[in-house]
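Trainee: have a look; sequence and predicted model below, questions after that.
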Amino acid sequence: MFKVRQKQFLQFDTYIGESFRKRMEAFLQEKYPSEVASLPREHLKGFVEDGIRCAGRFAIEMEDDTARFLEMLLLLGLDFDENPDYVWTRSMLESPEPASDRLDKVFETLQFDNA
């Protein structure tokens, strides 16, 4: 039987987190090249790290859902839930529905508002 030490587990966890962050950075760079191009690399890294933490506060944990949440943050700003124009998103994101359904509602409403 194999035994994984705490230090090994933490190293693996760090590697997974770093890999996830890099995939999220690449997603934003690919989907929003002009918006992301103006950000220095360290700012993009910080934005993604802050966004992942923020997604966690809304129980958004799956990679696809986190990517959509980061997309929303890029479009609305990190303080979206304090911005009077977007404060309505908080109630949608805090509902007990699955994260993908909550994000669908936010995106549908944003598309409607932007029409």
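Mentor: Cool, got the structure. Numbers count the residues shown, from 1 in each chain.

Trainee: all strands of the protein, in order?
Mentor: Ranges of strands in the chain, per DSSP state E: none exist.

Trainee: show me the shaky parts of it.
Mentor: For the chain, applying pLDDT under 70 flags the ranges 1-16, 112-115.

Trainee: list the buried residues of stretch 55-63.
Mentor: If you call a residue buried by 16 or more other Cβ atoms under 10 Å, then stretch 55-63 has these buried ones: 55, 58, 60. C-beta here means a position set from N, CA and C on the backbone, and glycine is covered the same way.

Trainee: can you put those in a markdown table and add distance to Asp101?
Mentor: As requested, the buried residues of stretch 55-63 are exported to a markdown table (distance: Cβ to Cβ, whole Å):
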| residue | distance to Asp101 |
| --- | --- |
| Ala55 | 15 |
| Phe58 | 13 |
| Ile60 | 11 |
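
Trainee: residues touching the nearest residue to Glu35 once chain neighbours are set aside, list them.
Mentor: In space, and not counting its chain neighbours, Glu35 is closest to Leu74: 6.1 Å by Cβ to Cβ, 6 or more residues apart in numbering. Residues counted as contacts of Leu74 (Cβ atoms under 8 Å, 6 or more residues apart in numbering) are 28, 32, 35-36, 47.
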